[in-house]
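S.K.: Build me a model:
(2 chains)
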Amino acid sequence: MKILVVDDSATMRRIVVNSLNRIGFLECLEAGDGTSALESFDASVDFVITDWNMPNMSGLDFVRALRSREDGKRVPIIMVTTRSVREDIVQAAQAGVNNYIVKPFTPQVLKEKIDVVLGAGAA
Amino acid sequence: MTPAEAVRRRELLRDSQATLRQVESVLSGLGSPSAAGGDRQQRVERVVSTLEGRRAGLRDLVWVLVNTYVEITSVVEALRRSRGLMEQAAMERLQSTHEKLAEVSSATEMAATGMLDGLDRALALVDRLGGSAAADTDGEGDVREQLRDELHAMMNLLQFQDLTSQQLGYANGVLLDIEQRMVELSRVFDLRWLTGDDGAAGEPQPEREPSCPVTCDPHASHFNAESRQALADEIFR
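M.R.: Below is the predicted model of the structure:
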């Protein structure tokens, strides 16, 4: 499974990729903001993990843009962010995010949410 | 009151009113932007000469008013100087704090990257130990696995860098906001128009920076992650 990890913090990208590798997802693609993530995204990407607060294009705008593309309508998306105000979470859900993780997260939570999203897709 | 006294009082009242009107007119002329230029002493003398010939009591009043005016202009001038000093000192300190916060943010990022590199190397060493011929004797495999878990846990703790960076970004945004407000406040205290120099009046308003850049979250926190995650879970259930 190929996972696109989008975060403007290089440290966070490494941590997310490391956590993914640790739970068995070895193929990861990285992008530093929404704009480059949109450029990197293609049909070979099976899953997207994105931050919210990023320069150039925020994670929320990236999700909206991806959902408006034919090849991005169904790809599972998890948002991993510091934003934890109810309105923000609702906004993310409305934009088309499949699940939501609040930073700081643990690899266990990441695995749990990926399982939930993949399980829901399979059902 | 005798008729003579009444006449005298009416004259005195008319005289006083006329003098006060004259003083008011001269003072407003001196205070308006159009009265630019002219030495303060000259202006005082002009007021006095204009009002000369009045009764002695009213001349005293004129002197009091003119001296008050001189005091007020001195205070205005002192305010103007203080404003300049305050603006300069505050801006320098704000700018310096802003730079220090940016430096701290950059330093934590570099340190976190260095630590991640070190942890990667340590994990590689643990993997090499696992591949050696002496592997899996006396529970060494379990120890290696525990060590690997510890190293991964340490790696995960480095999320603090991202959160701290966002908090610093927010603090920086607040500083920028304060700086802008101070500039606006100093414009309020810019009393140059009172002394005839209205150079600042037409200056454009500086553009205000956003209080928090798009890359930072004012609510970023290391604490209560579980309860905040529970809220997200409730919404996505």
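S.K.: Please count neighbours and contacts with C-alpha atoms only from this point.
M.R.: Fine.
S.K.: Can you tell me the closest non-neighbouring residue to residue A:31?
M.R.: Using C-alpha to C-alpha, 6 or more residues apart in numbering or on different chains and skipping residues adjacent in sequence, the residue nearest residue A:31 is residue A:6, 4.7 Å away.
S.K.: if I look at that neighbour, how far off is chain B?
M.R.: Residue A:6 sits 13 Å away from chain B, going by C-alpha to the nearest C-alpha, to the nearest Å.
S.K.: Buried residues of stretch A:65-77, list them for me.
M.R.: A:65, A:66, A:67, A:72, A:75, A:76, A:77 (16 or more other C-alpha atoms under 10 Å in any protein chain shown).
S.K.: Chain neighbours aside, what residue packs nearest to the last one?
M.R.: Spelled out, it's residue A:77. residue A:48 (4.7 Å).
S.K.: my read: that neighbour touches residue A:73, true?
M.R.: No - judged on C-alpha atoms under 8 Å, residue A:48 makes no contact with residue A:73 at a distance of 11.9 Å.
S.K.: which SS state does the closest residue to chain A within chain B fall under?
M.R.: Going by C-alpha to the nearest C-alpha, chain A is nearest to residue B:215 of chain B, at 4.6 Å. Secondary structure, DSSP: H, G, I helix; E, B strand; the rest coil: residue B:215 is coil.
S.K.: So it sits against residue A:57, correct?
M.R.: No - the pair residue B:215 / residue A:57 is not scored as a contact, 10.0 Å apart, by C-alpha under 8 Å.
S.K.: longest helix anywhere in chain A?
M.R.: helix A:107-122 (DSSP state H).
S.K.: for that helix, packing partners?
M.R.: helix A:10-22, strand A:99-102 (3 or more C-alpha pairs under 8 Å, 6 or more residues apart in numbering or on different chains; DSSP states H and E).
S.K.: Alpha carbons of that helix, as CSV, please.
M.R.: This file holds the C-alpha atoms of helix A:107-122, laid out as CSV (Å, rounded to 0.1, in the frame of the first residue of the first chain):
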residue,chain,number,x,y,z
PRO,A,107,1.7,4.8,16.5
GLN,A,108,-1.1,2.7,18.1
VAL,A,109,-3.7,5.5,17.4
LEU,A,110,-2.4,5.8,13.9
LYS,A,111,-2.8,2.1,13.3
GLU,A,112,-6.2,2.0,14.9
LYS,A,113,-7.5,4.8,12.6
ILE,A,114,-6.0,3.3,9.5
ASP,A,115,-7.6,0.0,10.3
VAL,A,116,-11.0,1.8,10.9
VAL,A,117,-10.8,3.6,7.6
LEU,A,118,-9.7,0.6,5.6
GLY,A,119,-12.3,-1.6,7.4
ALA,A,120,-15.0,0.9,6.5
GLY,A,121,-13.9,1.0,2.9
ALA,A,122,-13.9,-2.8,2.7
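S.K.: Residue B:3: neighbour count?
M.R.: Residue B:3 is flanked by 8 other residues according to other C-alpha atoms under 10 Å in any protein chain shown.
S.K.: quick one: contacts for it?
M.R.: Counting by C-alpha atoms under 8 Å, 6 or more residues apart in numbering or on different chains, residue B:3 makes contact with nothing.
S.K.: Look up phi and psi at it.
M.R.: Dihedral pair for residue B:3: phi -60, psi -30, per degrees, to the nearest 10.
S.K.: ok, residue 46 - contacts?
M.R.: Since you didn't name a chain, this refers to chain A. So residue A:46 contacts A:1, A:2, A:3, A:4, A:75, A:76 (C-alpha under 8 Å, 6+ apart).
S.K.: hm, I was asking about chain B
M.R.: With C-alpha under 8 Å, 6+ apart, residue B:46 has no contacts at all.
S.K.: average pLDDT across the strand or helix carrying it?
M.R.: Applying DSSP states H and E as the criterion places residue B:46 in helix B:40-51. Helix B:40-51 comes out with an average pLDDT of 70.
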